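**Student:** Using only what follows, build the 3D model:
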Amino acid sequence: MANKHCHELSREVQEGKAKISESLARAQGLQVEGKADEALQELYRARDRSEHFVERLRAAAQMQIELKQYEAAAGAYREILLLDDKIRTACFGLALCLEKLGRWEQANKKVQRALDVDPRRAEAQIGLATCLLHLGQTEEALKIFDACLQREPDCEGALLGKAVALQLDQRLEEAAELYQQVLSLNPNSQDALANMIAIGIAKRAYQIVRDCSSRLLAIQPRSRAALEGLAISAFSTRDYAAAAKYCGDLVQIEPHSFANWFNLGVARQKLGDAPAAARAYSEALGLDSCKPQAYLNLGCAQQEMGELEAARGSYENALRLAPDLEPALWNLGLLSELIQDAERAEAVYSQLVERRPGHEEAWFRLACVRLARGDFERSIEAFQACLKKRSKWHEALLNLGIAYWRMGDPDSAQGYLHEALACQPKSRHTLSVLAALAIEREDFDEALELHGRLVDLGERNPEVLYNAGFLYQRAGKLEDAARAYEKALAERPKFREALLNLGHSYRSLGRDEEAQAMWLKAVEAASPASGTGQPAIDRPQ
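**Tutor:** Below you'll find the model as predicted:
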């Protein structure tokens, strides 16, 4: 009877093993077909019937690791270890899952347990070193990796681990050599390629970045590291079209990444596509609304689009987060001038020069705003501050002269305007202002000389040309006067005063018929806004 019972048990065991093989085979077949969920259901259905519990849990855990379902796989291994805490594959598998989940303290304890069960297992030793590495114990990790490499010089895991340790220790050249060794053993090592990309970026070795990124992308078309590498490389060569493409790919695979949307915005802005840039920055700020640089860039894009009020709001948001963000202050000041909010512009520029007294351009804009507001005394103070920083600053000298003139001090104005002209002798603007001042001072000789210089420089402003003609005519230089009036009329054919005075010049030159023709045109061009026949240049506004 006993022998019969043993025979029956043996038959049950054999039948059980057959069932295991059939179930595992079905699960494996489903996995190959891409039906991972159904494969796991097959294994867990058998588990519910308590058929060969450990084997099925182990198979399920391995499948879940392949699917990167590390939490579920860890749970399966824990169940196995509850039955028998000395099962080597379960000890190591659980440690591996914890590593993948970034739980390094727990992983360290489990891998130590795996080594207690199987001290010579190389994967467990590498796992222990990896845990130590992530726990900041780099030297201890390096010792273990070196010990593994002494036993097996071409151990890919140990080579890769040591390279990571060296990279974290900023020994980039040594790390790169080891990664190259890994790639010679396994050209498709995604970890080695990704880390080589990081080293290339750190060293600004963009050819390495491009090469490794392209290789990695061929292996893994949705690789974040590869796309980031190619985007950074494209930015480095100012290939913004390529940068926009790779950043666009990144936002597709990681749509919740602030950096991906922000970088896409930068690329689009560099391409001159302000609307697309604004959309990207808005997406980025929707993910993280505490980034002042994103608000600044959004404001620039909105300003390019002509959305000035929106741009002002973005600049102010940037300053709310970072009151000292100088580009935001500068842009807000310029925008305030553009929308004719002189009071706000003055306040912003005042804030800029208070924070950075050496900011020359801010002093200049502050002076110009005060000049425009009619605050001549304080504008003069600001222009003087500009000249203390740069004594031969043409624009500051010119505007300082204008400020003195408008304040009623023509002598000081003339001095600074001559200094400005000495800095840029061919400045038409400076010559025009000086000429207007000379006319007001009734210094007609200087006015004539200055207008002559303007004409020689090819000045096409009809008022300036008219004034030149008027001064030539007053000095008895009738041919020169006629030529100046003719040039003024070429620019403005119905310039009544020029027509009248050209007629007078022609009459004095004995060209009566032409004089009559000019006077007839002057009558036809008559209008209430035609002027008085006096010099057209007035003091600058």
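**Student:** Residue nearest the middle of this protein, spatially speaking?
**Tutor:** residue 266 (3.9 Å; C-alpha atoms, centre = their mean).
**Student:** Which strand or helix spans that residue?
**Tutor:** helix 258-270 (DSSP states H and E).
**Student:** model confidence over that helix, on average?
**Tutor:** Helix 258-270 comes out with an average pLDDT of 97.
**Student:** Could you report the neighbour count for the closest residue to the residue nearest to the centre of the chain other than its chain neighbours?
**Tutor:** In this structure, residue 266 finds its nearest non-sequential neighbour in residue 297, 6.9 Å apart by C-beta to C-beta, 6 or more residues apart in numbering. (Glycine included, C-beta is placed from N, CA and C.) Neighbours of residue 297 under the rule other C-beta atoms under 10 Å: 24.
**Student:** Over to the one 5 residues further on?
**Tutor:** The number of residues packed around residue 302, counting by other C-beta under 10 Å, is 25.
**Student:** Name the nearest residue to residue 488, sequence neighbours excluded.
**Tutor:** Counting by C-beta to C-beta, 6+ apart, residue 465 is the residue found nearest to residue 488 once chain neighbours are left out, at 3.7 Å.
**Student:** What is whichever strand or helix holds that neighbour packed up against?
**Tutor:** Using DSSP H and E, residue 465 sits within helix 462-474. Here helix 462-474 touches helix 428-440, helix 444-456, helix 478-491, helix 496-508, going by 3 or more C-beta pairs under 8 Å, 6 or more residues apart in numbering; DSSP states H and E.
**Student:** can you do 6 Å?
**Tutor:** helix 444-456, helix 478-491 (3 or more C-beta pairs under 6 Å, 6 or more residues apart in numbering; DSSP states H and E).
**Student:** and the longest one, what does it pack onto?
**Tutor:** Which is helix 478-491. helix 462-474, helix 496-508.
**Student:** wait, which of those helices is closest to residue 397?
**Tutor:** helix 462-474 (20.7 Å; C-beta to C-beta).
**Student:** so how far is that closest one from its chain's centroid?
**Tutor:** In terms of C-alpha atoms, centre = their mean, to the nearest Å, the centre of helix 462-474 is set 52 Å apart from its chain centre.
**Student:** could I get the helices and strands packed on helix 462-474 as a markdown table with mean pLDDT?
**Tutor:** As requested, the helices and strands packed on helix 462-474 are exported to a markdown table (pLDDT from 0 to 100):
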| stretch | mean pLDDT |
| --- | --- |
| helix 444-456 | 88 |
| helix 478-491 | 91 |
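**Student:** Figure out which of the ones you listed is closest to residue 471.
**Tutor:** helix 444-456 (4.3 Å).
**Student:** which stretches of the stretch 301-450 of the chain have low pLDDT?
**Tutor:** Along the stretch 301-450 of the chain, no part satisfies pLDDT under 70.
**Student:** For it, which segments count as helices?
**Tutor:** For the stretch 301-450 of the chain, the helices defined by DSSP state H, counting those that start in this stretch occupy 308-321, 326-338, 342-355, 360-372, 376-389, 394-406, 410-423, 428-440, 444-456.
**Student:** so can I have JSON lines of those helices showing distance to residue 95?
**Tutor:** Output for the helices of the stretch 301-450 of the chain, formatted as JSON lines (distance: least, C-beta to C-beta, whole Å):
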{"stretch": "helix 308-321", "distance to residue 95": "43"}
{"stretch": "helix 326-338", "distance to residue 95": "50"}
{"stretch": "helix 342-355", "distance to residue 95": "54"}
{"stretch": "helix 360-372", "distance to residue 95": "60"}
{"stretch": "helix 376-389", "distance to residue 95": "65"}
{"stretch": "helix 394-406", "distance to residue 95": "70"}
{"stretch": "helix 410-423", "distance to residue 95": "75"}
{"stretch": "helix 428-440", "distance to residue 95": "77"}
{"stretch": "helix 444-456", "distance to residue 95": "86"}
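**Student:** Residue 93: which of those helices is closest?
**Tutor:** Of all the helices of the stretch 301-450 of the chain, helix 308-321 sits nearest to residue 93, with 46.7 Å by C-beta to C-beta.
**Student:** Output that closest one as PDB - backbone C-alpha positions only.
**Tutor:** The C-alpha trace of helix 308-321 is given here as PDB (Å, rounded to 0.1, in the frame of the first residue of the first chain):
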ATOM      1  CA  LEU A 308       2.000  95.600 -25.200                       C
ATOM      2  CA  GLU A 309      -0.300  95.400 -22.100                       C
ATOM      3  CA  ALA A 310       0.200  91.700 -21.900                       C
ATOM      4  CA  ALA A 311       4.000  92.100 -22.200                       C
ATOM      5  CA  ARG A 312       3.900  94.700 -19.400                       C
ATOM      6  CA  GLY A 313       2.000  92.200 -17.200                       C
ATOM      7  CA  SER A 314       4.600  89.500 -17.900                       C
ATOM      8  CA  TYR A 315       7.500  91.900 -17.000                       C
ATOM      9  CA  GLU A 316       5.800  92.900 -13.800                       C
ATOM     10  CA  ASN A 317       5.300  89.200 -12.900                       C
ATOM     11  CA  ALA A 318       9.000  88.600 -13.500                       C
ATOM     12  CA  LEU A 319       9.800  91.500 -11.200                       C
ATOM     13  CA  ARG A 320       7.300  90.300  -8.600                       C
ATOM     14  CA  LEU A 321       9.300  87.100  -8.300                       C
END
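**Student:** tell me which residues of it are tucked away?
**Tutor:** Going by neighbour count (16 or more other C-beta atoms under 10 Å), the buried part of helix 308-321 is 310, 311, 312, 314, 315, 317, 318, 319, 321.
**Student:** Report the separation between the fifth one and residue 227.
**Tutor:** When distances are taken as C-beta to C-beta, to the nearest Å, residue 315 and residue 227 turn out to be 31 Å apart.
**Student:** rewinding a little: could you say what helices and strands the host helix or strand of the residue nearest to residue 266 packs with?
**Tutor:** In this structure, residue 297 sits in helix 292-304 according to DSSP H and E. In terms of contacts (3+ C-beta pairs under 6 Å, 6+ apart), helix 292-304 is packed against helix 274-287, helix 308-321.
**Student:** what angle separates that helix from helix 274-287?
**Tutor:** 150 degrees (axes from the mean of the first three to the mean of the last three C-alpha atoms, to 10 degrees).
**Student:** on that earlier part again, can you say which of the helices and strands packed on helix 478-491 is packed in most?
**Tutor:** Stretch with highest mean neighbour count among the helices and strands packed on helix 478-491: helix 462-474 (a mean of 24; mean count of other C-beta atoms under 10 Å).
**Student:** No further questions, thank you.
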